[in-house]
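Chemist: Okay, predicted coordinates and the sequence, questions at the end:
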Amino acid sequence: MPDAAAEPGTAAARNAAEEKSAFSHPAAEPDSTAGYGDHPDQVIDFYAPRGAAGPGEAVPVVVVLHGGSWRAPYDRRHISPFAGFLAGRGFAVASVEYRRGAEGDGAGTGTGGPVAGRWPDTFDDVAAALDALPELVRQHLPRADARRTVLTGHSAGGHLALWAAARHLLPADAPWRTDRPAPLRGVVALAPIADFEVADKLDVCGGAARQLLGGGELFAERRPYADPALLLPTGIATTLVQGRADVDVPQAVAEAYADAAARAGEVVGVTLLEDVGHYPLIDPAADACAVVAEEIAQLAW
């Protein structure tokens, strides 16, 4: 029997159609790829700017962190059409890969599949990639102006973008802590898993946030090192873009982060898109993707 939840007209059917559209585009091949470590997943794809900028003009850098619940089946190729789209808008783009939860290590999580993320490897990689980026950008994106860098990410990647911008606020014993804010023009987080307490209560992506931190008592113990909602105020311009019809990472998660920022004395922009779910934000065929590019441009230029 067909699943009633996926029948036409339902939220599940809309979500499935949006996911199909976002994943229907051929992968956009990068202009170059470079490693920031020895592991096969420690690589960054670079896309040279096309279109808007004039010949020889320096352009902003957009650093892209892909989503996929920090799980192994989802790598940077699924977001490569979005990276190519941004390059076509005149940005220099760096799309970061990182280690995710391995296949078959989901025992005890109740998922029957790969666990979300690896502790501490996922965080090690994002920190190392961001630290290596200035030099790699100079080598691979000669037209890029690294002084105008915007960090963006989708879903789990949105979490990582917010986290990477808050490393200077990590506990003193965190290995990823920096002594000053990242030199960013801003962060544009797309449907981010931005508040782990709310995400956990809503069982976002099958309990992915709890799995990322190791589950059980480790969830509370590690949250101060990983939860962006506890790492505020960042002092870095931040905008969240969220579809109101998102059933994967509901609007309440973004709103909880914005509320936490407000309590910390910081204003975080929240752009809510009507009749938009989770995937149009990274789908070059969707109007929502153009909105995302404009939000990035507002911070970058």
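Modeler: Good, I have the coordinates. Just so you know, these numbers come straight off a predicted model, no measurement behind them. Residues are numbered from 1 along each chain as shown.
Chemist: buried residues in the lengthiest helix in the chain?
Modeler: Longest helix in the chain, counting residues (DSSP state H): helix 121-140. Counting neighbours by 16 or more other C-beta atoms under 10 Å, one finds that the buried residues in helix 121-140 are 121-130, 132-133, 136-137, 140. (C-beta placed from N, C-alpha, C; glycine too.)
Chemist: tell me which strands and helices that helix is in contact with?
Modeler: strand 32-35, strand 43-47, strand 59-65, strand 92-96, strand 144-154, helix 156-164 (3 or more C-beta pairs under 8 Å, 6 or more residues apart in numbering; DSSP states H and E).
Chemist: Partner strands of the second one, with direction?
Modeler: I take that to be strand 43-47. Strand pairing for strand 43-47, determined by DSSP bridges: strand 32-35 (antiparallel), strand 92-96 (antiparallel).
Chemist: so where do the strands sit in the stretch 101-250 of the chain?
Modeler: 144-154, 186-190, 238-243 (DSSP state E, counting those that start in this stretch).
Chemist: so what's the backbone phi/psi at residue 231?
Modeler: As for residue 231, its main-chain torsions (degrees, to the nearest 10) stand at phi -120, psi 70.
Chemist: residue contacts, the nearest residue to it once chain neighbours are set aside?
Modeler: Distance criterion C-beta to C-beta, 6 or more residues apart in numbering; nearest residue to residue 231, sequence neighbours excluded, is residue 166 at 3.6 Å. Contacts for residue 166 (C-beta atoms under 8 Å, 6 or more residues apart in numbering) come out as 228, 231-232, 234.
Chemist: 6 Å instead, please
Modeler: Counting by C-beta atoms under 6 Å, 6 or more residues apart in numbering, residue 166 makes contact with 228, 231, 234.
Chemist: how deep is the second one tucked in, by neighbour count?
Modeler: When neighbours are counted by other C-beta atoms under 10 Å, residue 231 registers 21.
Chemist: so it touches residue 171, yeah?
Modeler: No. Between residue 231 and residue 171 there is no contact, the gap being 9.6 Å when judged by C-beta atoms under 6 Å.
Chemist: rewinding a little: present the contacts of residue 166 as a markdown table; the columns should include pLDDT.
Modeler: Output for those, formatted as a markdown table (pLDDT from 0 to 100):
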| residue | pLDDT |
| --- | --- |
| 228 | 98 |
| 231 | 98 |
| 234 | 98 |
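Chemist: And these, which is closest to residue 287?
Modeler: Relative to residue 287, the closest of these is residue 228; by C-beta to C-beta it sits at 27.3 Å.
Chemist: hang on, that closest one packs against residue 193?
Modeler: No. Counting by C-beta under 6 Å, residue 228 stays clear of residue 193, with 8.7 Å between them.
Chemist: Which one of those two is surrounded by more residues?
Modeler: Counting neighbours by other C-beta under 10 Å for residue 228 and for residue 193 shows that residue 193 has the greater number, 33 against 28.
Chemist: Once you drop chain neighbours, what's closest to the more buried one?
Modeler: Per C-beta to C-beta, 6+ apart, closest to residue 193 is residue 159, 4.3 Å.
Chemist: so that neighbour touches residue 195, yeah?
Modeler: No. No contact is recorded between residue 159 and residue 195 when judged using C-beta under 6 Å, the distance being 9.3 Å.
Chemist: From residue 253, how far out is residue 9?
Modeler: Residue 9 sits 25 Å away from residue 253, going by C-beta to C-beta, to the nearest Å.
Chemist: I meant residue 138, not that one.
Modeler: According to C-beta to C-beta, residue 138 stands 36 Å off from residue 253.
Chemist: cool, and residue 229?
Modeler: Applying C-beta to C-beta to residue 229 and residue 253 gives a distance of 9 Å.
Chemist: Show me where the chain has its helices.
Modeler: For the chain, applying DSSP H gives helices covering 11-22, 80-88, 121-140, 156-164, 196-201, 208-212, 216-226, 251-263, 287-300.
Chemist: among those, which is nearest residue 51?
Modeler: Of those, nearest to residue 51 by C-beta to C-beta is helix 80-88, at 5.1 Å.
Chemist: rewinding a little: when residue 9 and residue 253 are compared, which one has more neighbours?
Modeler: Higher neighbour count among residue 9 and residue 253: residue 253, with 28 against 7, using other C-beta under 10 Å.
Chemist: From residue 99, how far out is the more buried one?
Modeler: Per C-beta to C-beta, residue 253 is found 24 Å from residue 99.
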